[in-house]
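Visitor: could you work out the structure for the sequence below:
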Amino acid sequence: MIVRNDKIFNGVHYDVDDIVEEIKVLSWRWLLSRTNKNTCLYYEWCWDPI
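Guide: Just a heads-up that it's a prediction; the model follows:
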């Protein structure tokens with residue numbers, strides 16, 4: 001995870017909201033790669049995740 005590496009190696013501080021947003025993006029990208037089709041747009045995923 002980019003956030004974890006930045007925190008450990010660069011001393012960068014992130015808000016919890018930033019971390020949650022990164023988790024949402026990674027989860028959505030994982031879903032798209034696992035299903036091999038475009039199941040939903042990112043804003044739909046944020047609105048109603050599986």
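Visitor: chain neighbours aside, what residue packs nearest to the residue nearest the centre of the chain?
Guide: Centroid check for the chain by Cα atoms, centre = their mean gives V25 as the closest residue, at 2.6 Å. Excluding its sequence neighbours, the residue lying closest to V25 (Cβ to Cβ, 6 or more residues apart in numbering) is Y42, at 7.4 Å. Placement of C-beta: from N, CA and C, glycine included.
Visitor: quick check: phi and psi at that neighbour.
Guide: phi -60, psi -40 (degrees, to the nearest 10).
Visitor: gap between it and R29?
Guide: Relative to R29, Y42 is positioned 9 Å away (Cβ to Cβ, to the nearest Å).
Visitor: and the longest helix along the chain, C-alpha only, in PDB?
Guide: Counting residues, the longest helix found in the chain (DSSP state H) is helix 16-35. Extracted in PDB, the C-alpha atoms of helix 16-35 (Å, rounded to 0.1, in the frame of the first residue of the first chain):
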ATOM      1  CA  VAL A  16      -8.300   8.500   7.800                       C
ATOM      2  CA  ASP A  17     -10.500   9.700   4.900                       C
ATOM      3  CA  ASP A  18      -7.500   9.500   2.500                       C
ATOM      4  CA  ILE A  19      -6.800   5.900   3.600                       C
ATOM      5  CA  VAL A  20     -10.400   4.900   3.300                       C
ATOM      6  CA  GLU A  21     -10.600   6.400  -0.200                       C
ATOM      7  CA  GLU A  22      -7.500   4.400  -1.200                       C
ATOM      8  CA  ILE A  23      -9.000   1.200   0.100                       C
ATOM      9  CA  LYS A  24     -12.200   1.900  -1.900                       C
ATOM     10  CA  VAL A  25     -10.200   2.400  -5.100                       C
ATOM     11  CA  LEU A  26      -8.100  -0.700  -4.600                       C
ATOM     12  CA  SER A  27     -11.100  -2.800  -3.800                       C
ATOM     13  CA  TRP A  28     -12.900  -1.600  -6.900                       C
ATOM     14  CA  ARG A  29      -9.900  -2.200  -9.100                       C
ATOM     15  CA  TRP A  30      -9.600  -5.700  -7.600                       C
ATOM     16  CA  LEU A  31     -13.200  -6.400  -8.400                       C
ATOM     17  CA  LEU A  32     -12.800  -5.300 -12.000                       C
ATOM     18  CA  SER A  33      -9.700  -7.500 -12.500                       C
ATOM     19  CA  ARG A  34     -11.300 -10.500 -10.900                       C
ATOM     20  CA  THR A  35     -14.500 -10.400 -12.900                       C
END
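Visitor: all set now, cheers.
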